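J.: Take this sequence and fold it.
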Amino acid sequence: LQSTMGNSDSKISFQRAVEQLGSPGPVEAGDVAVWDQLCQESLTSIQDVFSLLPAEEIRKLREDSPTNLSTLCYKIVEKLTKSVESSCRTSAEQQTVLNSCRLLTRLIPYIFEDPDWRSFFWSKPEPGMKEGADQTPLGKSMMLAICDLLFCPEFTVSSAGNRSRDEVDELINLDSCEYIWEKGVGFAQTPSQTPQHHHNRVELLRLILTCCSESIYLPPTNEAHIGGNKWVHLFTSPENRHALPLFTSLINTVCGYDPAGVLPYNHLIWADSKENLVEMALQVLVVTLDQDLPMDGDNPDGPPDNLFLNYLSRIHREEDFQFMLSGITRLLMNPLVQTYLPGSQRKVHFHQELLIFFWKLCEHNRKFMFHVLKSSDVLEIIVPILHHLNDARADHSRVGLMHIGVFILLLLSGERNFGVRLNKPYTATVPMDIPVFSGSHADLLIIVFHKIITTGHQRLQPLFDCLLTILCNISPYLKSMSMTAACKLIHLVEAFSTPWFLMSNQTNHNLVFFLLEMLNNIIQYQFDGNYNLVYTMIRKRTVFHQLANLPTDINKAVNKKIKKPLSRQNSNNADQSMEGSYPAKTAEPGTLETSLIKLPRIERLTEGVSAHPSQKQLDRLTQAMDSSSMESRNSFSSEVFPVQPGAELNQSEEKEETRDAFGKSRVKRSDSNYTAEGWRPTPEWIRSWKNQLPLQTVMRMLQVLVPQVEKMCIDKGLTDESEILRFLQNGTLVGLLPVPHPILIRRYQANPGTAMWFRTYMW
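T.: Have a look, this model is predicted:
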C-alpha cells in the first residue's frame, strides 16, 4: 500500500511538472527539480508516460511554450549523454535512461508533425550556450548516445567472461564487437541472455524507430524524400562506431529466434521476453535497410552509403545464408503450423516485416537469392507467401501484403531455378481455401493466382499483369500440370478473351498475350508431361478459335451471344476446399484502407532477358532456323511483350486511370459506355493487336491433335477421358510445330517507383 501511494504521489508530481512546462513563462534550464521530476524512477513503463502525457498537452506545449519544449528535449538528451560518460553503472542511472527514452518516444512524433519543428534536432544548439561548448546537433548526440547504451554491460548486455561490472572498460571506449547480442552471422559465441536486458533493448530500439519515423510525416513524393532520412543515415553511417555490431545483433536476434520452445504450452506458463525484442529488432532492421532514392548524377553501381546495406550485400558464407534462411522460414511458418495439441505453440505475427526483410536480402545480395533457389528450401518461403496471398485476397486493408508477396514471387521467377524447384510435389501442410488437388507446387501457385484473379477485390487488379508475368517466367520449366491447375489456367484464358472484356479497356488484351505466351512455352518446351493441359485445351478449343476469329467490328464483337456467360464463381462451384481451411475474410467494419502510392506498370517493373536454353534446344534451333523463321521470331519477341497500343499518346497517368476503370467494367458490364475517360475501341485498334496474337503454336497443336483424338474416340467408342489422357501422354509433336521461339524471361529491375512504394508500405 505504501509503495502504491508513493507511486501515485510521484505521478502527481510528474503531472505538476508537465503543467509547469505548459505555463506561459519559460522554465529556467537551471531549475533541476522540474527536469528531474520528469525522469523519476516511478515511471516504470512506456504506458505510464503515454497516460500522463496526453496528445493535447504535448501540442499545447509545442504551440504555447515552444521554449520549454525545446529546453525539455535538450535536458533529456543531456541526461542520456551524461549516462554514457559515467558508463551507466548504477540502477538509478539506468532507470533515468529508460524514462528519458520513454519521454522522447512520446514527444518526438508531435515534433515531426509540425513542419516548422522538423529541423529542430538538426539545427544549431541552444542560443544561450557558451562559446566553446559542444556544437553537435541534438539529434546526433541523442542517436550516438542510444547506440552506446545498446552495448552497456549489465544494462543491455551481459559482462564479457567473468569480469565484474567495475572491471569493464568505460562505455565510450568499449569494443562492442565483443558484446554482439546473439550467436549467428559473424559471431560464434553464445552470450548469456537476461530478460531485463531484453526489455531495456526494446525501450532503446523503440526510440530509434520513433526517430526514423520522420518519413511518415513527409508527403509520398520522390522530391520530399530525395534528401534521405537523416536519422537512418546517421544510424547506418561510419559516424556510428557500433554500426557493424548493431547490424549483426539485429539480424542474429531475428534469425536465431525460435518461438516454439521445447515443451508444449510453455508460453502459457512463462512469459517470453524475446518476442517483443525480436519484433522491434525486425522493424528497426527493415527501416534502416531502406535505400535512399538516387539523385541525378549519382552512381547507382557504387557501394551504398548505408553501411547496413553494405554489410548485407557482403555476406557470403554458406552457413550464414542457411542461418538467415532457416530463421526466416521458421518464423514465416510458425503461425501456420498445425500441431496435434491445439494452441500448444506460441504464434508470432510479424510476417509482413519478415517478407520485407526477405525482399531486401534478395534484392541486395544476389548470392543469398541463388542460395535460396539452389535447393527446395525456397518452397518453405513460397508456401506461406501463397497462404497469405490467398487469405488476404478479399481484405482491402491487407492490399499491401498482397503486393509484397507478388513482388517477391516476381523477383524469384526471373531465375530459372525457381521454375525448376516448383516441380516438387506438394503435400498440403497448411490448410488453404483452395480446391483439393494432387500435384506440384507449381499447381498450387496457379490455383492460388486463379483464386486471386477471380475472387479478389478490385484493388488487386493492377497486380494481374504481375501475376501473369510470373506464370510466363516459370512456364518453360513446368514438367507436369495437374488437371485442376490446367482447368483453372484455361478458365483464365476463357474469361480474359471474351469480347466485352477485351473491348472494355485499352490494355486488357495484354493479359491474353501473357496467357498465350505461357501456353506456347509449355507446348514448345514441356509438351511431354503436360497432357492434362493439352487435353483441357482440346476440350476448350472453341475459346482459341473464337479468339482467332474475333470480329473487328465493335458491335458484332461485343453483342455476340455466348451460350453460357462466364461468371466469377462458375469455376468454383464444384470445388471442395481443403479440410480445416477457412474462406477468405473481408476487412472488419471500420478498418482503415491502406493508402499506398500507385505502382509502376509491368514494363517499368521488369526488363526482358533471353533465358539460356539447353544445348539440345540450341542444336534444334540452329538446324531448323532459316531467314523467314528468324524474322517471325524477332517479331514475336518484340510484340508479345505487353506494350500498350497508342502508348506514345498517353504514357503514364492515363494507363493507371484506365486500369482502374477496367475493374468497374469487369464487374458491371455497360453496353452504352465501354470505358472511362472517353476512350472507345476502334476497328483499327483491334486489328493492331489481334494480328499480333501468338496463336500459331496453339492452333497448330489443335490442328494436329484434335482429328487424332476424335478418330480414336469414334473408333474405340471412348467415353472415358483416361484413355485420351494416356494417348496424349504417349504422343509427340516433334517436327510438327513451328520453330521453337526463344524463351523470354522478364526480370524485376529496381526503380524509384517501387522504392517509394516500399517506403510507404513499410511505414
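
J.: List the buried residues of the strand or helix carrying Leu725.
T.: Per DSSP states H and E, Leu725 falls inside helix 721-730. Neighbour-count burial for helix 721-730, counted by 16 or more other CB atoms under 10 Å, picks out Ile724, Phe727, Leu728. Every C-beta, even on glycine, is put in place using the N, C-alpha and C of the backbone.

J.: And Leu702, how far from Val534?
T.: Remark: distance between Leu702 and Val534 (CB to CB, to the nearest Å) = 9 Å.

J.: Show me the shaky parts of this structure.
T.: Residues of the chain meeting the criterion pLDDT under 70: 1-13, 19-20, 22-43, 124-134, 160-169, 220-225, 261-271, 292-304, 338-345, 556-678.

J.: Do a quick rundown of the strands in it.
T.: 606-610, 744-748 (DSSP state E).

J.: circling back to that earlier point, contacts for the helix holding Leu725, please.
T.: Helix 721-730 has contacts (CB atoms under 8 Å, 6 or more residues apart in numbering) with Tyr531, Asn532, Val534, Tyr535, Leu705, Gln708, Val709, Met712, Cys713, Lys716, Leu718.

J.: how about the helices in the stretch 451-600 of the chain?
T.: Secondary structure of the stretch 451-600 of the chain (DSSP state H, counting those that start in this stretch): helices located at 464-474, 483-496, 499-503, 509-525, 531-539, 541-548, 554-559.

J.: tell me the angle the first one makes with strand 744-748.
T.: The reference is to helix 464-474. 130 degrees (axes from the mean of the first three to the mean of the last three CA atoms, to 10 degrees).

J.: do the second one as well
T.: Here the directions of helix 483-496 and strand 744-748 differ by 90 degrees (the same axes, to 10 degrees).

J.: switch to numbering from 134
T.: Noted, 134 is the first residue going forward, which turns the last one into helix 616-629.

J.: What lies in contact with helix 616-629?
T.: 568, 570, 572, 575-576, 579-580, 583, 586-587, 604, 614, 634-635, 641, 644-645, 648-649, 651-652, 663, 665-666, 668-670, 673, 676-677, 699, 704.

J.: Can you say which of these are buried?
T.: Buried subset of those (neighbour count, 16+ other CB under 10 Å): 568, 570, 572, 575-576, 579-580, 583, 586-587, 604, 614, 634-635, 641, 644-645, 648-649, 651-652, 663, 665-666, 668-670, 673, 676-677, 704.

J.: For Arg334, which non-adjacent residue is spatially closest?
T.: Leaving aside its chain neighbours, Arg334 sits nearest to Thr289 (5.1 Å; criterion: CB to CB, 6 or more residues apart in numbering).

J.: what about the one you found, neighbour count?
T.: Applying other CB atoms under 10 Å, we find 27 residues neighbouring Thr289.

J.: Distance of it relative to Glu303?
T.: Relative to Glu303, and taking CB to CB, Thr289 is found at 16 Å.

J.: for Lys612, same thing?
T.: 64 Å.

J.: the more surrounded of these two?
T.: Lys612 (16 against 10).

J.: contacting residues around the more buried one?
T.: Asn556, Ser573, Gln659, Gly662, Asn663.

J.: of those residues, closest to Ala150?
T.: Set against Ala150, the nearest of the contacts of Lys612 by CB to CB is Ser573 (66.0 Å).

J.: if I look at the closest residue in space to that closest one that isn't next to it in sequence, how far off is Leu534?
T.: Leaving out its chain neighbours, the residue that sits closest to Ser573 by CB to CB, 6+ apart is Asn556, at 5.2 Å. Asn556 sits at a distance of 27 Å from Leu534 (criterion: CB to CB).

J.: re earlier: can you tell me which of the buried residues of helix 854-863 lies nearest to Val539?
T.: Leu861 (32.7 Å).

J.: what about that closest one, distance to Gly868?
T.: In terms of CB to CB, Leu861 sits 17 Å off from Gly868.

J.: for Pro568, same thing?
T.: Pro568 is 37 Å from Gly868, by CB to CB.

J.: now swap in Gly317 and tell me
T.: Counting by CB to CB, the gap from Gly317 to Gly868 is 56 Å.

J.: Give the residue from the two that has the larger number of neighbours.
T.: Gly317 (22 against 7).

J.: which residues does the closest residue to that one other than its chain neighbours contact?
T.: Distances taken as CB to CB, 6+ apart place Asn385 nearest to Gly317, at 3.3 Å, with adjacent residues excluded. Applying CB under 8 Å, 6+ apart to Asn385 gives the contacts Ile313, Trp314, Glu315, Lys316, Gly317, Val318, Phe320.

J.: and the second one, how many residues sit next to it?
T.: The one in question is Trp314. With other CB under 10 Å as criterion, Trp314 counts 27.

J.: That one and Val290 touch, don't they?
T.: Yes. Using CB atoms under 8 Å, Trp314 is in contact with Val290, at 6.8 Å.

J.: what sits in contact with each of the two?
T.: Common neighbours of Trp314 and Val290 (CB under 8 Å, 6+ apart) are Pro324.

J.: For Met834, list the residues it contacts.
T.: Met834 touches Ile656, Val667, Met670, Leu866, Leu870, counting by CB under 8 Å, 6+ apart.

J.: measure the last one to Val839 for me?
T.: It refers to Leu870. Taking CB to CB, one finds Leu870 at 15 Å from Val839.

J.: Mind checking which of the two has more residues around it?
T.: Leu870 (17 against 13).

J.: Next, work out how far apart Leu635 and Val645 are.
T.: 7 Å.

J.: likewise Glu854?
T.: Counting by CB to CB, the gap from Glu854 to Val645 is 27 Å.

J.: Also Glu246?
T.: 48 Å.

J.: Kindly report the same for Val842.
T.: The spacing between Val842 and Val645, counted by CB to CB, is 25 Å.

J.: repeat for Leu415
T.: Leu415 is 41 Å from Val645, by CB to CB.

J.: and if you look at Val581?
T.: 21 Å.

J.: what do you get for Asp598?
T.: Plainly put, Asp598 is 11 Å away from Val645 if you go by CB to CB.

J.: could the contacts of Lys612 go into TSV alongside distance to Ser446?
T.: Below are the contacts of Lys612 laid out as TSV (distance: CB to CB, whole Å):
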residue	distance to Ser446
Asn556	31
Ser573	33
Gln659	35
Gly662	39
Asn663	39
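
J.: Drop anything exposed from these.
T.: Asn556, Ser573, Gln659, Asn663.

J.: Next, format the residues you listed as JSON lines and append distance to Val511.
T.: Below are the buried ones among the contacts of Lys612 laid out as JSON lines (distance: CB to CB, whole Å):
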{"residue": "Asn556", "distance to Val511": "12"}
{"residue": "Ser573", "distance to Val511": "13"}
{"residue": "Gln659", "distance to Val511": "20"}
{"residue": "Asn663", "distance to Val511": "22"}
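
J.: Could you single out the nearest of the residues you listed to Pro328?
T.: Nearest to Pro328 among the buried ones among the contacts of Lys612, with distances taken as CB to CB, is Ser573, at 44.9 Å.

J.: need the contact list for the closest one.
T.: Taking CB under 8 Å, 6+ apart, one finds Leu555, Asn556, Lys557, Pro558, Tyr559, Leu611, Lys612, Ser613, Ser615 in contact with Ser573.

J.: For the last one, which residues are in contact?
T.: Listed by CB under 8 Å, 6+ apart, the contact set of Ser615 reads Phe570, Ser571, Gly572, Ser573, Asp576, Asn665.
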